[in-house]
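In: A structural model of the following input is requested.
(one chain, ligands or ions: 1)
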Amino acid sequence: MVLPMPNPATSESDVTDVYTTTRRTFHLAAIYILGAIIAVAMAIPTIMYLLIPPRARKRTAWIDAGDISQLKTGEPVELTFQQDRLDGWKVETVKKTAWVVKESNNQIVAFGPQCTHLACAYHWDTPSDKFVCPCHGSEFSIDGKVLAGPAARPLDRYATKIENNRLQLGELKQTGTQA
Ligand code: FES
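Out: Modelled structure (predicted):
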């Protein structure tokens, strides 16, 4: 009786094939797993950004605009202050201004710094006793009313309150079209 002799060449090739296949499978699996981890890591911030709304900033939050103890009646002053602004997930501090007027009844009025025509920065013109916009010539009285166009509505006003001689500014509101 003759027993079949194992073919060493065939056997070695099979082992190599199995080894190669196993290694290739392992590498492919590793690449897929790595790819999946990277995709998930990149997707999480995007999903959070899209689905979770940023912390809503209270519109009623008051901003300290500075000391107004030296303010003189009927002499508008431009106050500069810092305000935190939420830009997506980032909080930025921006410089802002307001024109502040102490009225004869000691009331404090704060106007937004932009002209109500096309948002240029206006200024107080002492000789003529009015706010003047350099862009297209709009003019406003000391109480914010339109004296000359093209602006069609009065200056916007901040909500205001005073605490320890410091002006606190709230929401900036439009005052509507002037009659
Ligand atoms: S932006 Fe002020 S007049 Fe046009």
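
In: show me which residues of the chain are close to the ligand?
Out: Cys115, His117, Leu118, Cys120, Cys133, Cys135, His136, Gly137, Ser138, Pro150, Ala151 (Cβ under 6 Å from any ligand atom). From N, CA and C alone the C-beta is placed, and that goes for glycine too.

In: which SSE is the nearest residue to Ala159 once chain neighbours are set aside in?
Out: Nearest residue to Ala159, sequence neighbours excluded (Cβ to Cβ, 6 or more residues apart in numbering): Gly170, at 3.1 Å. Assigned by DSSP states H and E, Gly170 belongs to strand 166-173.

In: which of the residues in that strand are buried?
Out: Leu167, Gln168, Leu169, Gly170, Leu172 (16 or more other Cβ atoms under 10 Å).

In: what lines up beside that strand in the sheet?
Out: strand 63-67 (antiparallel), strand 157-163 (antiparallel) (DSSP bridges).

In: what does the strand ranked longest in the chain contact?
Out: In the chain, taking DSSP state E as the definition, the longest strand is strand 90-102. Under the contact criterion Cβ atoms under 8 Å, 6 or more residues apart in numbering, strand 90-102 has outside partners 63, 65, 68, 71-86, 108-113, 122, 124, 131, 142-143, 155, 158, 167, 169.

In: filter those to the buried ones?
Out: 63, 65, 68, 71, 76, 79, 108-113, 122, 124, 131, 142, 155, 158, 167, 169.

In: how much space between Phe111 and Lys96?
Out: Noted for Phe111: a distance of 12 Å to Lys96, by Cβ to Cβ, to the nearest Å.

In: all good on my end, thank you.
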